[in-house]
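Student: Next input, structure requested:
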Amino acid sequence: MTEESPTRGQAERMLAQRIQALYKEQLGQRPERITCQFFDEKLAIVLEKIVTPVEQLLLETDRQALAQQLRLEIDEAIQHQLVALIQEIAGVSVKSALIKTELTHDYSGLIVLLSNVPYVRDPLTIPKVKKEKVSDRDNDE
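Tutor: Modelled structure (predicted):
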């Protein structure tokens, strides 16, 4: 861990900004708001106002099943890019990532299990982090 490492807050904001950019690039629109929060070796991400115009049209014309299937395909297609982005910013690998979108409430949620505590300048500010985990991780370097 070096002084060049971002703080926890900076890493969470960077993740949110890069995820917004990824959605804009891939889907033509970005979520209105993204909240990212590290918890020990986990990361929770909430994306608000995520429904695309095509999904909205399908929902408005009583094609909910098709809209949901489209979103499942979108989530699956973008998940690899999200994992790569998270690994780059957190500095640790992703063990597992779950993504679910709720079209009727217009939000997505991601729960990400990391291989270790993220590499940030202030790891002890991450909720639920135990000092021993940070020490063990730093000793493995």
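Student: Quick check: phi and psi at Leu47.
Tutor: Main-chain torsions, Leu47, degrees, to the nearest 10: phi -110, psi 120.
Student: burial of it, as a residue count?
Tutor: When counting by other Cβ atoms under 10 Å, one arrives at 23 neighbours for Leu47. (Each C-beta comes from the backbone N, C-alpha and C, glycine too.)
Student: How about the one 4 residues further on?
Tutor: Neighbour count of Val51, defined by other Cβ under 10 Å: 21.
Student: The one 3 residues further on too?
Tutor: Residues near Val54, counting by other Cβ under 10 Å, number 15.
Student: for it, what are its contacts?
Tutor: By Cβ atoms under 8 Å, 6 or more residues apart in numbering, the contact list for Val54 reads Leu70.
Student: Any buried residues in whichever strand or helix holds it, and which?
Tutor: Assigning secondary structure by DSSP states H and E places Val54 in helix 53-60. Along helix 53-60, the positions that meet the burial threshold by neighbour count (16 or more other Cβ atoms under 10 Å) are Glu55, Leu58, Leu59.
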